[in-house]
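Q: Give me the fold of what follows.
(chains A and B)
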Amino acid sequence: MDDKKMITSLRAGKREKPIKALYKEYPKIERLMLSNGLSKEVSKELFNDSLIILIEKVQSSEFALTSKLTTYLYGINRLLAKNELKRQRKKNEIEWNGSIVIDTTDLSYDLEKEEKIKQLEHVLTQISEKCMLIFKLFYYEKKSMSQIAEDLGYTSTNSAKTQKYKCIERAFELSNNTPN
Amino acid sequence: MRTSLENIEFIETYVLGGQNAAQRTAMDEKISNSKELTELLEFQQMLVRATERTVLRKEIESYIGDNGKSFFRRFNALLFGGLLLLGIIVTITIILSQKSNNKSDSKMESVNELQTDNTRSFVPTPAERSITSVPTYQRSQRTIHEDTDELSPWTPFRKQFFDLRAEEGGVLEGEDGTLIVVPENALRDKNNRRVKGKVSAELIEAIDWEDMIAYNLVTMSGQKALSSGGMLRIQFEQNGEKLTIDPSRPLHIEIPTTDYNPEMMAWEGVAEKGKLDWQNPIPLKKFLTEIPLSLLDFLPDGFKDEVATLLPYKNHTSLSSALVDSLYYAISINSADEDPKSFSKNDFNNSCYFKVQKRSTINGKPTDQLNPYLKGKGTVTGKIVDEKGLPISGMKIKLYMDDFLENEEIVTTNDEGIFTYDRLYAGKVTLNASLSSSGFTSTDWKYCAVYEFEYPKRTKRIELETPIVAHYSSQFRNVSSITARKTGGCFIDPLSIKTLKTDEFQHSFIATKEFEERLKAMHALKNGSILLDVYLKNLTKELWQCDQLASQLLSGKEKEQFEAFALERLTTVENPDIYQDQITNYYSEKRKEYRSEQLSLEKEYASKSKEEITQLLEKLNALQNNESALATQFAERKGRTTKIVNAKSSFTSRSSSNSRNVATSSSYKVSWYSTSWINLDCYLPKLGANPWIASITTNRNSTNLSVYQCIRELKTLVGLNRIEDKYTALFPQNGDQLETYCLAIEKSENQIYYGAQHYLPKSNAKVSLQMRPISADSLYNAICSLSPAASVLAGEIQETKARLTIELRIKEHQEKLQSELKAMVDNISKENARYNQLFDVINMCPIENSAQVRLLETKLEPQIKIGNQ
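A: Predicted structure coming up:
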């Protein structure tokens, strides 16, 4: 699968093939991370994070491919690994041959906000499945509330909306109560 | 709904977009002024991101066979560290702005579609839509100009003048209810330059049939007859020079109607030989105008009047909308027994107990309660005492959190009056406690307490420092005569009506007078709640589509009613006009005016005695039955000089009926930039193969004669051609013209001759008109005499009569109520006197018998008040 196809496919929301293709890079990246002193578990999570970032980047209209996608992926992983090592107070001067250097300052980057989104992802595992479903349908699949009401069997759009508001409130409450 | 939910809703609406520039600015300001809103907005944006990522993460994991458990383990370990992820903010901004761009794009498209439908060549720009408040102009006093019109009206045009500033524009309101919105900078001079400064507007209205006749305004387009919804002409001038209207900034004209005809179009009048020919029809606008929900009346007809009959009620002596609303919302469509979880009525029917009653949604299905049982980590301990400070044991306590989380769990105070309630969340807590008599004693008594407090964040346990005081009340029980409350029934649950008034619906077709009209119709139906549901479920559709869906659920007359609504083809509140805000402001003002007029009218009626009202009613009846008096009053009110001096009308004033029209009835709306006459018309039914033919002759043999065929119901005025000595009128056979008149008017050397006759084209093939000389002053009066019982005035009289009749009923009810109460008080006093008599026999020392009296007072206080009034 070449880069152009992958980008087209990712942008069309057909992610299975590109993700599987990109995942072929994982063993190599994992080795690099392990060699820098990161655990297997952490490596895998960092790699998944990097995939999400890559997909988000590709889907944004401003994305212009300046290098191979896999090179880009390496670059992101390198940055994530570096940050993680810094967090673990380990030596974070790492050399990955052949990978581009992506710097946080190259891009707008808000550490605090990132933390919060991460925390919120955690909160989303704690709310009810129904709430998560509403969020998914509304925020991710961008369905209308009337459609959601119909799909989930609410008596009216308004009761679905009210439910959604309550879910947001619950999530808001949980995220405020989570120690940080 | 508690503030936080409202705020969430606000933010969701904000993020979804779709507001105009002005609304947007207002929202932005609101957000930047509120810490909670700012936080929520940030949170909402992150929530979108987090949701997207959660979904994406799951997807990735599904492809590579990872159950992903480890992620959050790691996350927890990560909490203090810095880490990660790039470019997110960029992406957020990009995605969000993309989203809003897409939205506004699609909106603009539909806007433009609408636009081409309704106006000739006008494309709005967002900046133009941000006009917010524009002055409403009052008519100015002005002498009538030299009439240079090519038209030859039988009676002089009644012109209304307004002064306004061209750069500001304004809202003009005609005497007969026409509304004209002049956008800013809409006027051009003869060199097609924008006009600035003071200009004057001259308006002629011919909304009433009588005026059309008097002004010689026939309703013909070529050889085809039209049925009119009203005509008018608006012209502007500055320093004696006539101005034109910029076609890209047309006027918005609304003509109120009580009988909306979906086929109406706007025709332009072209003067030919002193008469107008109507040409170039354009379709009318079909969008709705939003009105603040608080100004709409969603209650069933007659409910308010019924409440009035109950007055004085509790502490209310006058009718307020708060009282009406509260009584209305208190009526439940579900009986309490339906809910197996609810407690027996005997235990818990105290109002203090269930502050928030468990309710069902519109369809009777249970509400979606997130957590009927609280699952938080907080615990509260407190004590309940009576008014003397003694602990009350056995008090039953229920908690509500944040006004919507109704907990099912009930705890009871122990012998020391102490209770412990756990599993609370941080937030606003409302505690309801009650204890009531078992039902076997002769009095009902209860202890009630409602207490609110804020449960602090991250706190495991709090203790309420001061004891909660429960108040005691009691009342006599008269077991035999207690009337049970009705349950079940067919009506729209008042609670769903209450929900309609929430902000959520402000920017939908719910917040329009047109929906108000539909809701009134639904209230009158057995299955109104199902219909209401149809509208609510389809908020994103256009109003007429909902009308159609609703009509499919009905049959017979009810079906026809909603089919007629659907035919109006009304769309939504989304509209592209540059004057949207102006119109909304204007309507809001008019509504308020209408309300205060209604209020003062009610006050006036309430201050009148029963006899006075009866007299007034008789007077109106007499007027209704006296056609010539009716005609005279009508002519007089239209400002025509009449020789007959008449007392001022004793009922609803002109201004009141006017704002009623503007504020409540539906109206024809059109964009207009011509300074010639405009006529809202539709074609008459086709004549068909074999029309009724009536031939009309007159006693005047002049070629200057105008003979008309007029049909009152259709508001048509057709000039007839003379063939030999006769004038021939044709009528479609399938039509049912009851109010058909033929008229003849002639002006000969300053003398007017007039003749009119009512006839049935079905049975009268020949009409002979007797024309007589008539003074110019009396002509209008004569026209008004044609059909006074069908005039606007007669309609108003009918309305006033209905109001008065209700007022009479209210008075009768109150009289009855007061005499009943007096009897009750007498009875109890007698009973107590007997008791005291026996009491005195066994009592051996002087006492204050305040205890007994107090017991009675609790119950009787309000009634005694009534007795005194």
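Q: so how far is B:Thr740 from B:Lys762?
A: 9 Å (CB to CB, to the nearest Å). C-beta here means a position set from N, CA and C on the backbone, and glycine is covered the same way.
Q: correction: B:Gly170
A: 41 Å.
Q: Nearest to the spatial middle of chain A, which residue is it?
A: A:Ile52 (3.5 Å; CA atoms, centre = their mean).
Q: and that one, what is it in contact with?
A: Going by CB atoms under 8 Å, 6 or more residues apart in numbering or on different chains, A:Ile52 touches B:53, B:56-57, B:60.
Q: The strand or helix carrying it: which residues count as buried?
A: Per DSSP states H and E: A:Ile52 is located in helix A:40-59. Within helix A:40-59, the residues that qualify as buried are A:42-59, counting by 16 or more other CB atoms under 10 Å in any protein chain shown.
Q: other SSEs contacting the strand ranked longest in chain B?
A: As assigned by DSSP state E, the longest strand anywhere in chain B is strand B:224-238. In terms of contacts (3 or more CB pairs under 8 Å, 6 or more residues apart in numbering or on different chains; DSSP states H and E), strand B:224-238 is packed against strand B:198-206, strand B:241-245, strand B:251-257, strand B:265-272, strand B:666-672, strand B:678-683, strand B:716-719.
Q: which residues are in contact with the longest one?
A: It refers to strand B:198-206. The contact list for strand B:198-206 (CB under 8 Å, 6+ apart) reads B:137, B:140, B:142, B:145, B:157-166, B:172, B:174-176, B:178, B:180, B:182, B:187, B:211-212, B:215, B:217, B:230-238, B:243.
Q: One more: stretch B:218-230?
A: Contacts for stretch B:218-230 (CB under 8 Å, 6+ apart): B:176, B:178, B:205-207, B:212, B:255, B:257, B:261, B:264, B:267, B:275-279, B:281, B:668, B:679-684, B:708, B:711, B:714-719.
Q: Over to it now: how far is its first residue from its last?
A: Using CA to CA, to the nearest Å, the span of stretch B:218-230 from its first residue to its last is 12 Å.
Q: Give me the distance between it and the centre of its chain.
A: 33 Å (CA atoms, centre = their mean, to the nearest Å).
Q: What residues sit buried inside it?
A: Within stretch B:218-230, the residues that qualify as buried are B:218-221, B:225-230, counting by 16+ other CB under 10 Å.
Q: coming back round to it: tell me which of the helices and strands packed on strand B:224-238 sits nearest to B:Val380.
A: Checking those against B:Val380 by CB to CB gives strand B:666-672 as the closest, at 54.6 Å.
Q: In PDB, could you pull the C-alpha coordinates for the closest one?
A: Output of strand B:666-672 as PDB, limited to C-alpha atoms (Å, rounded to 0.1, in the frame of the first residue of the first chain):
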ATOM      1  CA  SER B 666     -51.000  34.900  11.000                       C
ATOM      2  CA  SER B 667     -50.000  37.200   8.200                       C
ATOM      3  CA  TYR B 668     -49.000  37.300   4.600                       C
ATOM      4  CA  LYS B 669     -45.400  38.300   4.200                       C
ATOM      5  CA  VAL B 670     -43.700  39.600   1.100                       C
ATOM      6  CA  SER B 671     -40.600  41.500   0.100                       C
ATOM      7  CA  TRP B 672     -41.400  44.600  -2.000                       C
END
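Q: which strands and helices sit next to that strand?
A: Checked by 3+ CB pairs under 8 Å, 6+ apart, strand B:666-672 has strand B:224-238, strand B:251-257, strand B:265-272, helix B:513-523, strand B:678-683 packed alongside it.
Q: quick revisit: comparing B:Gly170 and B:Thr740, which residue is more hemmed in?
A: B:Thr740 (25 against 21; other CB atoms under 10 Å in any protein chain shown).
Q: That one reaches B:Glu713, doesn't it?
A: No. Using CB atoms under 8 Å, B:Thr740 makes no contact with B:Glu713, being 9.3 Å away.
Q: can you list the helices and strands packed on strand B:666-672 in JSON lines and add mean pLDDT and distance to B:Ala566?
A: Listed next are the helices and strands packed on strand B:666-672 as JSON lines, based on pLDDT from 0 to 100; distance: least, CB to CB, whole Å:
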{"stretch": "strand B:224-238", "mean pLDDT": "85", "distance to B:Ala566": "19"}
{"stretch": "strand B:251-257", "mean pLDDT": "83", "distance to B:Ala566": "17"}
{"stretch": "strand B:265-272", "mean pLDDT": "81", "distance to B:Ala566": "19"}
{"stretch": "helix B:513-523", "mean pLDDT": "88", "distance to B:Ala566": "10"}
{"stretch": "strand B:678-683", "mean pLDDT": "80", "distance to B:Ala566": "17"}
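Q: Reduced to three states, what does B:Ala794 come out as?
A: helix (DSSP: H, G, I helix; E, B strand; the rest coil).
Q: From B:Leu179, how far out is the residue in the stretch 551-700 of chain B positioned nearest to chain A?
A: Going by CB to the nearest CB, chain A is nearest to B:Thr572 of the stretch 551-700 of chain B, at 14.0 Å. The gap separating B:Thr572 from B:Leu179 is 20 Å, by CB to CB.
Q: Over to A:Lys82?
A: Distance, A:Lys82 to B:Leu179, using CB to CB: 68 Å.
Q: Buried residues of the worst-scoring helix or strand of chain A on mean pLDDT, list them for me.
A: Least confident helix or strand of chain A, by mean pLDDT, DSSP states H and E, is helix A:111-124 with a mean of 80. Buried residues in helix A:111-124, counting neighbours by 16+ other CB under 10 Å, are found at A:113-124.
Q: and the closest residue to chain B within chain A, how many residues sit next to it?
A: Residue of chain A nearest chain B, by CB to the nearest CB: A:Arg87 (3.2 Å). Neighbour count for A:Arg87, taken as other CB under 10 Å: 16.
Q: May I have the secondary structure class of B:Asn216?
A: coil.
Q: Okay, and the residue lying farthest from the centre of chain A sits in which element?
A: Most distant residue from the mean C-alpha position of chain A: A:Thr155, 34.2 Å away (CA atoms, centre = their mean). In the assignment (DSSP H and E), A:Thr155 maps to no helix and no strand.
Q: re earlier: name every strand pairing with the longest strand of chain B and say which way it goes.
A: Strand B:224-238 pairs in its sheet with strand B:198-206 (antiparallel), strand B:220-221 (antiparallel), strand B:241-245 (antiparallel), strand B:678-683 (antiparallel), by DSSP bridges.
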